[in-house]
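In: next input, structure requested:
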Amino acid sequence: MLEMKSLQDEPVEGFKVTLVDESDMYNWEVAIFGPPNTHYEGGYFKARLKFPVDYPYSPPSFRFLTKMWHPNIYENGDVCISILHPPVDDPQSGELPSERWNPTQNVRTILLSVISLLNEPNTFSPANVDASVMYRKWRESKGKDREYIDIISKQVLSTKADADRDGVKVPVTLDEYCVRTQVQPTDDGYNLLYDDYCDDEDLEDDEEDEENEDCCYDDDSGNEDS
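Out: Numbering: from 1, shown residues only. All right, here's what the predicted structure looks like:
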């Protein structure tokens, strides 16, 4: 309840959270808006965030309801990201314990990690091998092989019907996307407005850094280049 109130008072850019059922605080519906200046611009992606009864000692699960083609998203919509992995020491996974879930994390950090994951996939041990191979072909061809991007564009376009049905206006400019948060008056009496996490550089489609912590290590995933 405290986290829901916090997100309502100080929203995260690009997200809208509501309860699936007002009587069930453990099951949230998440709407994700594609960040401007990225291949997901104009997209309206729906997901479910489910909390275990021992939260925050165990991580919630995050599953996309909208069909997603992404190296780190399983075909059933489950997101494979380090921050949502249980806090166990598993040397075989390739993950450091510090990269996994811990009780200091919260919904806000999860949402920001998901946005980062969309634009910066990790292809070293993917959840969707075919999407990973296609993404790497696109990168290595410097954009000439557009199969991956064309699929993303079609998925973004297909979400417009959902947005219209839900009566949602999807932000497509930085001004619409950014949430301006009112902060407490300064000592000289002025109120300041600031854009939380809303720097143009943060919203650019930075495809240069694959080695982020948002990854899925699965020994059975196979060789992505095969």
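
In: so which elements touch the longest strand anywhere in the chain?
Out: When the chain is parsed with DSSP state E, its longest strand is strand 24-33. If contacts are counted by 3 or more C-beta pairs under 8 Å, 6 or more residues apart in numbering; DSSP states H and E, strand 24-33 sits against strand 15-21, strand 44-50, helix 107-119. In this view, the C-beta of every residue, glycine as well, is placed from N, C-alpha and C.

In: what does the first one contact?
Out: What that stands for is strand 15-21. 4, 7-8, 25, 27-33, 48-49, 107, 111, 115, 168 (C-beta atoms under 8 Å, 6 or more residues apart in numbering).

In: which of the residues you listed are buried? Put it as a PyMOL command.
Out: Burial among those is assessed by 16 or more other C-beta atoms under 10 Å; the matching PyMOL selection reads:
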select buried, resi 7+28+30+31+32+33+48+49+107+111+115
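
In: so what's Asn27 up against?
Out: By C-beta under 8 Å, 6+ apart, the residues touching Asn27 are Leu19, Val20, Asp21, Arg48, Leu49, Lys50, Phe51.

In: please read the previous query as pertaining to Trp69.
Out: Taking C-beta under 8 Å, 6+ apart as the test, what Trp69 contacts is Asn128, Ala131, Tyr148, Ile151, Ile152, Gln155.

In: do you know how far it is from Arg48?
Out: From Trp69 across to Arg48, the span is 19 Å (C-beta to C-beta, to the nearest Å).

In: and Asp162, by the same measure?
Out: 14 Å.

In: which residues in the chain form helices?
Out: 2-9, 107-119, 129-140, 147-158, 160-166, 174-177, 200-203 (DSSP state H).

In: and the third one, what's buried?
Out: Same thing as helix 129-140. Val129, Ala131, Ser132, Val133, Met134, Tyr135, Arg136, Trp138, Arg139.

In: chain neighbours aside, what residue packs nearest to Ser113?
Out: Nearest in space to Ser113, with sequence neighbours left out and distances taken as C-beta to C-beta, 6 or more residues apart in numbering, is Ile83 at 5.1 Å.

In: how many residues are close by the one you found?
Out: For Ile83, the neighbour count with other C-beta atoms under 10 Å is 20.

In: cool, Gly167 as well?
Out: 6.

In: which residues does it contact?
Out: Contacts of Gly167 by C-beta under 8 Å, 6+ apart: none found.

In: look up phi and psi at it.
Out: Here is the backbone geometry of Gly167 (degrees, to the nearest 10): phi 70, psi 40.

In: Met25 contacts Glu3, doesn't it?
Out: No. Between Met25 and Glu3 there is no contact under C-beta atoms under 8 Å: 9.7 Å.

In: picking that back up, which of the helices of the chain sits closest to Arg63?
Out: Ranking the helices of the chain by their distance to Arg63 (criterion: C-beta to C-beta) puts helix 107-119 first, at 11.2 Å.

In: now do the buried residues in the closest one.
Out: Val107, Arg108, Ile110, Leu111, Leu112, Ser113, Val114, Ile115, Ser116, Leu117, Leu118, Asn119.

In: which residues are in contact with Tyr74?
Out: Tyr74 sits next to Cys80, Ala127, Asn128 when contact means C-beta under 8 Å, 6+ apart.
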